[in-house]
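Peer 1: The following comprises the amino acid sequence and a computationally predicted model.
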Amino acid sequence: MNKKLKALVLNSKFLNLSIDDLKNNTNVPIDWHITDASKKEEIRKLLPDFNILVSTSMDISWKNEAKNLEAIFMPGAGWDKIASDAVPEGCVVTNSYEHEVGIAEYVLMSMIALDRELINSHNTFIENNWDYWPARFGPFKELTGRNITVIGLGRIGKKVLEMTNVFGMNNYAVEEFDVQDEVINQLNIKEVVKSNEMTKLISISDFVVVCVPYIESTKGMIGEKEIYSMKNDAFLINPARGPIINEEHLYHALKSNRIAGACLDTWYTYPKGGSDNPKPSEYPFYELKNVILTPHICGSTYGTASRRMKIVAENINNFYNDKPLINVVEELSKYS
(Lines give C-alpha, C1' and ligand atoms only; values in the text may rest on other atoms or scores of the structure.)
Protein backbone atom coordinates (compact mmCIF):
# COMPACT_ATOMS: atom_id res chain seq x y z
CA MET A 1 0.00 0.00 0.00
CA ASN A 2 1.46 3.36 -1.03
CA LYS A 3 -1.18 5.49 0.66
CA LYS A 4 -0.15 7.19 3.87
CA LEU A 5 -2.27 6.14 6.81
CA LYS A 6 -3.83 8.82 8.99
CA ALA A 7 -5.40 7.50 12.19
CA LEU A 8 -7.83 9.26 14.47
CA VAL A 9 -7.70 7.66 17.92
CA LEU A 10 -10.64 8.32 20.24
CA ASN A 11 -9.13 8.24 23.69
CA SER A 12 -10.70 7.54 27.09
CA LYS A 13 -9.44 7.05 30.64
CA PHE A 14 -9.26 3.30 29.99
CA LEU A 15 -7.66 3.41 26.54
CA ASN A 16 -5.18 6.04 27.68
CA LEU A 17 -3.48 3.26 29.65
CA SER A 18 -2.30 1.68 26.42
CA ILE A 19 -1.73 4.42 23.83
CA ASP A 20 2.00 3.70 24.02
CA ASP A 21 1.33 0.02 23.28
CA LEU A 22 -0.54 1.07 20.14
CA LYS A 23 2.23 3.34 18.89
CA ASN A 24 5.14 1.11 19.87
CA ASN A 25 3.70 -1.93 18.09
CA THR A 26 2.73 -0.14 14.86
CA ASN A 27 5.66 -0.37 12.44
CA VAL A 28 4.26 1.24 9.29
CA PRO A 29 4.17 4.92 8.23
CA ILE A 30 1.22 6.56 9.95
CA ASP A 31 0.12 9.95 11.27
CA TRP A 32 -1.58 9.86 14.66
CA HIS A 33 -4.16 12.25 16.04
CA ILE A 34 -5.50 11.52 19.50
CA THR A 35 -8.62 13.22 20.82
CA ASP A 36 -11.12 12.83 23.64
CA ALA A 37 -13.82 10.28 22.75
CA SER A 38 -16.48 12.36 24.51
CA LYS A 39 -16.06 15.37 22.15
CA LYS A 40 -18.46 14.19 19.46
CA GLU A 41 -18.77 17.47 17.57
CA GLU A 42 -15.02 17.93 17.41
CA ILE A 43 -14.65 14.34 16.19
CA ARG A 44 -17.27 14.90 13.50
CA LYS A 45 -15.28 17.85 12.14
CA LEU A 46 -11.98 15.96 12.25
CA LEU A 47 -13.14 12.74 10.56
CA PRO A 48 -12.89 13.82 6.87
CA ASP A 49 -9.11 14.07 7.22
CA PHE A 50 -8.59 10.46 8.32
CA ASN A 51 -8.78 7.03 6.71
CA ILE A 52 -8.33 5.03 9.95
CA LEU A 53 -10.48 5.28 13.08
CA VAL A 54 -9.42 3.62 16.34
CA SER A 55 -12.53 3.65 18.51
CA THR A 56 -15.07 1.55 20.36
CA SER A 57 -17.93 3.75 19.14
CA MET A 58 -19.20 5.30 15.92
CA ASP A 59 -21.96 7.89 16.16
CA ILE A 60 -24.68 8.07 13.52
CA SER A 61 -24.16 11.85 13.37
CA TRP A 62 -20.70 11.23 11.87
CA LYS A 63 -22.11 9.49 8.79
CA ASN A 64 -21.40 12.22 6.22
CA GLU A 65 -17.97 13.08 7.59
CA ALA A 66 -16.82 9.44 7.81
CA LYS A 67 -16.86 8.73 4.08
CA ASN A 68 -13.06 8.63 3.79
CA LEU A 69 -12.67 5.91 6.42
CA GLU A 70 -11.21 2.68 5.08
CA ALA A 71 -10.94 0.86 8.41
CA ILE A 72 -12.34 1.07 11.91
CA PHE A 73 -10.19 -0.81 14.41
CA MET A 74 -11.94 -1.35 17.73
CA PRO A 75 -9.86 -1.79 20.90
CA GLY A 76 -12.89 -3.53 22.39
CA ALA A 77 -15.12 -6.54 21.90
CA GLY A 78 -18.74 -5.35 21.75
CA TRP A 79 -19.82 -3.52 18.61
CA ASP A 80 -23.25 -2.36 19.83
CA LYS A 81 -21.96 1.24 19.96
CA ILE A 82 -20.95 1.25 16.29
CA ALA A 83 -23.75 2.76 14.20
CA SER A 84 -23.89 0.49 11.17
CA ASP A 85 -25.42 3.17 8.96
CA ALA A 86 -22.44 5.45 9.67
CA VAL A 87 -19.90 2.91 8.41
CA PRO A 88 -19.05 3.97 4.82
CA GLU A 89 -18.89 1.72 1.80
CA GLY A 90 -15.50 0.09 1.38
CA CYS A 91 -14.75 0.21 5.12
CA VAL A 92 -13.70 -2.80 7.16
CA VAL A 93 -14.42 -3.08 10.90
CA THR A 94 -12.48 -5.24 13.35
CA ASN A 95 -12.76 -5.76 17.09
CA SER A 96 -10.51 -7.19 19.77
CA TYR A 97 -11.18 -9.41 22.76
CA GLU A 98 -8.38 -10.21 25.20
CA HIS A 99 -10.59 -9.35 28.18
CA GLU A 100 -11.43 -12.80 29.44
CA VAL A 101 -8.83 -12.91 32.22
CA GLY A 102 -9.89 -9.62 33.78
CA ILE A 103 -13.59 -10.45 33.52
CA ALA A 104 -13.17 -13.96 34.93
CA GLU A 105 -11.23 -12.54 37.88
CA TYR A 106 -14.04 -10.03 38.43
CA VAL A 107 -16.59 -12.86 38.39
CA LEU A 108 -14.61 -14.83 41.00
CA MET A 109 -14.29 -11.70 43.13
CA SER A 110 -18.03 -11.00 42.96
CA MET A 111 -18.94 -14.61 43.75
CA ILE A 112 -16.94 -14.55 46.96
CA ALA A 113 -18.00 -10.99 47.88
CA LEU A 114 -21.69 -11.85 47.43
CA ASP A 115 -21.46 -15.21 49.16
CA ARG A 116 -19.53 -13.84 52.16
CA GLU A 117 -21.71 -10.69 52.25
CA LEU A 118 -18.54 -8.65 52.17
CA ILE A 119 -20.10 -5.23 51.60
CA ASN A 120 -22.86 -5.64 54.20
CA SER A 121 -20.31 -6.98 56.67
CA HIS A 122 -18.05 -4.01 56.04
CA ASN A 123 -20.88 -1.49 56.41
CA THR A 124 -21.95 -3.08 59.69
CA PHE A 125 -18.46 -3.37 61.11
CA ILE A 126 -17.47 0.27 60.49
CA GLU A 127 -20.37 1.15 62.79
CA ASN A 128 -18.56 -0.86 65.49
CA ASN A 129 -21.00 -3.76 65.25
CA TRP A 130 -19.24 -7.13 65.52
CA ASP A 131 -22.43 -9.18 65.40
CA TYR A 132 -22.91 -9.92 61.68
CA TRP A 133 -22.12 -13.63 61.62
CA PRO A 134 -23.78 -15.97 60.82
CA ALA A 135 -25.23 -14.23 57.80
CA ARG A 136 -28.61 -14.50 56.06
CA PHE A 137 -28.21 -18.14 55.09
CA GLY A 138 -26.32 -19.31 58.16
CA PRO A 139 -22.57 -19.97 58.31
CA PHE A 140 -20.68 -18.98 55.18
CA LYS A 141 -20.03 -21.70 52.63
CA GLU A 142 -16.93 -22.38 50.61
CA LEU A 143 -16.86 -22.46 46.81
CA THR A 144 -15.62 -26.04 46.75
CA GLY A 145 -18.42 -28.41 45.83
CA ARG A 146 -20.85 -25.65 44.86
CA ASN A 147 -22.59 -25.52 41.47
CA ILE A 148 -21.96 -22.84 38.85
CA THR A 149 -23.61 -22.42 35.46
CA VAL A 150 -22.14 -20.13 32.83
CA ILE A 151 -24.51 -19.05 30.09
CA GLY A 152 -22.33 -18.81 27.01
CA LEU A 153 -19.15 -20.84 26.57
CA GLY A 154 -17.04 -18.39 24.59
CA ARG A 155 -13.73 -16.94 25.73
CA ILE A 156 -15.15 -15.48 28.94
CA GLY A 157 -17.28 -18.47 29.90
CA LYS A 158 -14.37 -20.83 29.38
CA LYS A 159 -12.01 -18.69 31.43
CA VAL A 160 -14.55 -18.47 34.28
CA LEU A 161 -14.91 -22.25 34.38
CA GLU A 162 -11.14 -22.69 34.15
CA MET A 163 -10.85 -20.66 37.35
CA THR A 164 -13.80 -22.22 39.17
CA ASN A 165 -12.42 -25.65 38.33
CA VAL A 166 -9.35 -24.77 40.42
CA PHE A 167 -11.69 -24.12 43.36
CA GLY A 168 -13.23 -27.57 42.95
CA MET A 169 -16.64 -26.30 41.89
CA ASN A 170 -19.16 -28.29 39.86
CA ASN A 171 -19.09 -26.69 36.41
CA TYR A 172 -22.14 -26.51 34.12
CA ALA A 173 -22.70 -24.59 30.88
CA VAL A 174 -25.38 -23.35 28.51
CA GLU A 175 -24.18 -23.14 24.91
CA GLU A 176 -26.00 -23.12 21.56
CA PHE A 177 -23.10 -24.52 19.57
CA ASP A 178 -21.59 -27.95 19.93
CA VAL A 179 -18.82 -28.11 22.53
CA GLN A 180 -15.81 -30.29 21.85
CA ASP A 181 -15.15 -33.18 24.22
CA GLU A 182 -11.67 -31.80 24.76
CA VAL A 183 -13.13 -28.57 26.20
CA ILE A 184 -15.63 -30.44 28.36
CA ASN A 185 -12.89 -32.64 29.79
CA GLN A 186 -10.38 -29.83 30.23
CA LEU A 187 -12.86 -27.66 32.16
CA ASN A 188 -14.42 -30.60 33.97
CA ILE A 189 -17.91 -29.61 32.77
CA LYS A 190 -20.55 -31.95 34.14
CA GLU A 191 -23.28 -31.05 31.64
CA VAL A 192 -23.90 -28.71 28.70
CA VAL A 193 -27.41 -27.82 27.50
CA LYS A 194 -28.95 -25.55 24.88
CA SER A 195 -30.63 -22.32 25.95
CA ASN A 196 -34.12 -23.82 25.71
CA GLU A 197 -33.12 -26.17 28.53
CA MET A 198 -31.18 -23.70 30.67
CA THR A 199 -33.63 -23.75 33.59
CA LYS A 200 -32.58 -27.36 34.18
CA LEU A 201 -29.11 -26.15 35.17
CA ILE A 202 -30.11 -22.78 36.62
CA SER A 203 -32.40 -24.50 39.11
CA ILE A 204 -29.53 -26.45 40.69
CA SER A 205 -26.90 -23.70 40.59
CA ASP A 206 -25.52 -21.61 43.42
CA PHE A 207 -24.09 -19.12 40.92
CA VAL A 208 -25.36 -18.21 37.45
CA VAL A 209 -22.99 -16.15 35.28
CA VAL A 210 -24.12 -14.51 32.03
CA CYS A 211 -21.37 -14.64 29.38
CA VAL A 212 -23.21 -14.45 26.04
CA PRO A 213 -22.72 -11.58 23.57
CA TYR A 214 -25.51 -9.04 23.18
CA ILE A 215 -27.19 -9.82 19.88
CA GLU A 216 -30.83 -9.94 18.82
CA SER A 217 -31.28 -13.57 19.90
CA THR A 218 -29.90 -12.94 23.40
CA LYS A 219 -31.88 -9.81 24.22
CA GLY A 220 -34.04 -10.64 27.24
CA MET A 221 -32.99 -14.31 27.19
CA ILE A 222 -32.83 -14.26 31.01
CA GLY A 223 -36.45 -13.45 31.79
CA GLU A 224 -39.03 -14.21 34.43
CA LYS A 225 -38.95 -17.98 33.83
CA GLU A 226 -35.17 -18.19 34.13
CA ILE A 227 -34.83 -15.83 37.11
CA TYR A 228 -37.57 -17.48 39.10
CA SER A 229 -36.17 -20.93 38.43
CA MET A 230 -33.11 -20.00 40.50
CA LYS A 231 -32.74 -21.21 44.07
CA ASN A 232 -33.56 -18.60 46.69
CA ASP A 233 -29.97 -18.74 47.97
CA ALA A 234 -28.40 -18.42 44.51
CA PHE A 235 -26.59 -15.45 42.99
CA LEU A 236 -26.74 -13.98 39.47
CA ILE A 237 -23.70 -12.25 37.96
CA ASN A 238 -23.82 -10.22 34.75
CA PRO A 239 -20.53 -9.08 33.16
CA ALA A 240 -22.05 -9.33 29.65
CA ARG A 241 -24.68 -6.73 28.67
CA GLY A 242 -27.59 -5.36 30.70
CA PRO A 243 -30.50 -6.03 28.31
CA ILE A 244 -29.70 -9.75 28.20
CA ILE A 245 -31.50 -9.88 31.56
CA ASN A 246 -35.02 -8.51 31.93
CA GLU A 247 -34.45 -5.63 34.35
CA GLU A 248 -37.99 -5.53 35.74
CA HIS A 249 -38.09 -9.20 36.74
CA LEU A 250 -34.53 -9.06 38.06
CA TYR A 251 -35.26 -6.03 40.22
CA HIS A 252 -38.41 -7.52 41.75
CA ALA A 253 -36.72 -10.89 42.36
CA LEU A 254 -33.94 -9.12 44.23
CA LYS A 255 -36.21 -6.75 46.12
CA SER A 256 -38.42 -9.61 47.32
CA ASN A 257 -35.37 -11.76 48.17
CA ARG A 258 -36.63 -14.39 45.76
CA ILE A 259 -32.98 -14.82 44.81
CA ALA A 260 -30.09 -14.18 47.19
CA GLY A 261 -28.35 -11.43 45.28
CA ALA A 262 -26.64 -10.24 42.14
CA CYS A 263 -23.53 -8.49 40.89
CA LEU A 264 -24.29 -6.20 37.95
CA ASP A 265 -21.55 -4.55 35.92
CA THR A 266 -23.47 -3.89 32.70
CA TRP A 267 -26.54 -1.71 32.35
CA TYR A 268 -29.59 -0.54 30.46
CA THR A 269 -28.69 3.15 30.09
CA TYR A 270 -25.23 4.62 29.57
CA PRO A 271 -23.81 8.15 29.41
CA LYS A 272 -23.90 9.64 25.94
CA GLY A 273 -20.81 11.74 26.52
CA GLY A 274 -19.77 14.98 28.14
CA SER A 275 -21.44 15.61 31.50
CA ASP A 276 -24.27 13.15 30.85
CA ASN A 277 -24.73 11.06 33.99
CA PRO A 278 -27.95 9.02 33.70
CA LYS A 279 -29.29 6.46 36.10
CA PRO A 280 -28.24 3.04 34.78
CA SER A 281 -31.73 1.56 35.10
CA GLU A 282 -35.28 2.78 35.54
CA TYR A 283 -35.41 0.54 38.61
CA PRO A 284 -33.62 1.59 41.85
CA PHE A 285 -31.18 -1.30 42.18
CA TYR A 286 -28.99 1.04 44.26
CA GLU A 287 -31.53 0.88 47.09
CA LEU A 288 -31.09 -2.88 47.48
CA LYS A 289 -28.65 -4.37 49.97
CA ASN A 290 -28.25 -7.70 48.19
CA VAL A 291 -26.56 -6.35 45.05
CA ILE A 292 -23.10 -5.19 44.06
CA LEU A 293 -23.22 -2.50 41.38
CA THR A 294 -20.24 -1.39 39.28
CA PRO A 295 -20.01 0.93 36.22
CA HIS A 296 -18.94 -1.53 33.50
CA ILE A 297 -15.41 -2.07 34.81
CA CYS A 298 -15.17 -5.86 34.85
CA GLY A 299 -12.66 -6.03 32.00
CA SER A 300 -10.97 -2.71 32.67
CA THR A 301 -7.48 -3.88 33.50
CA TYR A 302 -4.20 -2.66 32.08
CA GLY A 303 -3.62 -6.17 30.72
CA THR A 304 -6.87 -6.00 28.75
CA ALA A 305 -6.12 -2.52 27.37
CA SER A 306 -2.56 -3.42 26.43
CA ARG A 307 -3.43 -6.66 24.66
CA ARG A 308 -6.26 -4.99 22.76
CA MET A 309 -4.08 -2.14 21.51
CA LYS A 310 -1.48 -4.65 20.36
CA ILE A 311 -4.21 -6.36 18.31
CA VAL A 312 -5.17 -2.98 16.82
CA ALA A 313 -1.51 -2.28 16.01
CA GLU A 314 -1.16 -5.67 14.33
CA ASN A 315 -4.26 -4.96 12.26
CA ILE A 316 -2.90 -1.57 11.20
CA ASN A 317 0.33 -3.25 10.12
CA ASN A 318 -1.60 -5.93 8.25
CA PHE A 319 -3.89 -3.36 6.63
CA TYR A 320 -0.94 -1.38 5.31
CA ASN A 321 0.75 -4.54 4.01
CA ASP A 322 -2.43 -6.00 2.48
CA LYS A 323 -2.40 -8.97 4.83
CA PRO A 324 -5.47 -10.65 6.39
CA LEU A 325 -6.96 -8.79 9.33
CA ILE A 326 -7.73 -10.23 12.77
CA ASN A 327 -11.31 -10.39 14.09
CA VAL A 328 -13.16 -8.84 11.16
CA VAL A 329 -16.72 -7.94 12.17
CA GLU A 330 -18.62 -9.10 9.10
CA GLU A 331 -21.89 -7.71 10.43
CA LEU A 332 -20.53 -4.15 10.16
CA SER A 333 -17.89 -4.30 7.43
CA LYS A 334 -18.80 -2.94 4.02
CA TYR A 335 -15.75 -3.82 1.97
CA SER A 336 -15.95 -5.68 -1.34
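Peer 2: That came through fine.
Peer 1: Excluding sequence neighbours, find me the nearest residue to the spatially most central residue of the chain.
Peer 2: Nearest to the mean C-alpha position of the chain, by C-alpha atoms, centre = their mean, lies residue 240 at 4.4 Å. Among residues not flanking residue 240 along the chain, residue 210 sits closest, at 4.5 Å (C-beta to C-beta, 6 or more residues apart in numbering). Quick note: C-beta positions are derived from backbone N, CA and C, even for glycine.
Peer 1: For that neighbour, give me its contacts.
Peer 2: By C-beta atoms under 8 Å, 6 or more residues apart in numbering, the contact list for residue 210 reads 151-152, 222, 236-240, 244-245.
Peer 1: now swap in residue 57 and tell me
Peer 2: Residues near residue 57 by C-beta under 8 Å, 6+ apart: 10, 37, 81-82.
Peer 1: Can you turn the buried part of the residues you listed into a ChimeraX selection?
Peer 2: With 16 or more other C-beta atoms under 10 Å as the criterion, this ChimeraX line picks the buried residues out of the contacts of residue 57:
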select :10,37,82
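Peer 1: is it possible to export the contacts of residue 57 to JSON lines including distance to residue 98?
Peer 2: Shown next, in JSON lines, are these (distance: C-beta to C-beta, whole Å):
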{"residue": "10", "distance to residue 98": "19"}
{"residue": "37", "distance to residue 98": "19"}
{"residue": "81", "distance to residue 98": "18"}
{"residue": "82", "distance to residue 98": "18"}
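Peer 1: For the contacts of residue 57, which two are the farthest from each other?
Peer 2: 37 and 82 (13.0 Å; C-beta to C-beta).
Peer 1: Of the contacts of residue 210, which belong to helices?
Peer 2: Counting by DSSP state H, no part of the contacts of residue 210 is found in helices.
Peer 1: Can I get those in a markdown table including distance to residue 98 and pLDDT?
Peer 2: A markdown table is the format used below for those (distance: C-beta to C-beta, whole Å; pLDDT from 0 to 100):
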| residue | distance to residue 98 | pLDDT |
| --- | --- | --- |
| 151 | 21 | 98 |
| 152 | 17 | 97 |
| 222 | 26 | 98 |
| 236 | 26 | 98 |
| 237 | 21 | 98 |
| 238 | 20 | 98 |
| 239 | 15 | 97 |
| 240 | 16 | 96 |
| 244 | 21 | 97 |
| 245 | 25 | 98 |
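Peer 1: so where is the stretch 151-300 of the chain shaky, pLDDT-wise?
Peer 2: 273-274 (pLDDT under 70).
Peer 1: which stretches of it form strands?
Peer 2: 170-174, 189-193, 207-210, 235-238, 261-264, 291-293 (DSSP state E, counting those that start in this stretch).
Peer 1: now the stretch 1-150 of the chain
Peer 2: Using DSSP E, counting those that start in this stretch, strands in the stretch 1-150 of the chain cover 5-11, 30-36, 52-54, 71-73, 92-94, 147-151.
Peer 1: closest one to residue 202 among the ones you listed?
Peer 2: strand 147-151 (6.0 Å).
Peer 1: And the contacts of that closest one?
Peer 2: For strand 147-151, using C-beta under 8 Å, 6+ apart, the contacting residues are 111, 157, 160-161, 164, 169-174, 195, 198, 201-202, 204-212, 221-222.
Peer 1: Just the buried residues of the contacts of residue 210.
Peer 2: Buried subset of those (neighbour count, 16+ other C-beta under 10 Å): 151-152, 222, 236-240, 244-245.
Peer 1: Nearest to residue 103 among these?
Peer 2: residue 239 (5.0 Å).
Peer 1: quick one, phi/psi of that closest one?
Peer 2: phi -100, psi 10 (degrees, to the nearest 10).
Peer 1: Residue 265 is in contact with that one, correct?
Peer 2: Yes: with contact defined as C-beta atoms under 8 Å, residue 239 counts as touching residue 265 (5.1 Å).
Peer 1: Find the residues that touch each one of the two.
Peer 2: 106, 298.
Peer 1: elements contacting the lengthiest helix in the chain?
Peer 2: Secondary structure of the chain per DSSP H: the longest helix is helix 302-320. The helices and strands touching helix 302-320, judged by 3 or more C-beta pairs under 8 Å, 6 or more residues apart in numbering; DSSP states H and E, are strand 5-11, helix 19-24, strand 52-54, strand 71-73, strand 92-94, helix 100-115.
Peer 1: Grab the nearest non-local neighbour of residue 88.
Peer 2: residue 67 (4.8 Å).
Peer 1: Burial check on the one you found, number of neighbours?
Peer 2: Residues lying near residue 67 (other C-beta atoms under 10 Å) number 14.
Peer 1: Make sure it is actually in contact with residue 87.
Peer 2: No: applying C-beta under 8 Å, one finds residue 67 not in contact with residue 87, separated by 10.3 Å.
Peer 1: Alright, I will stop here.
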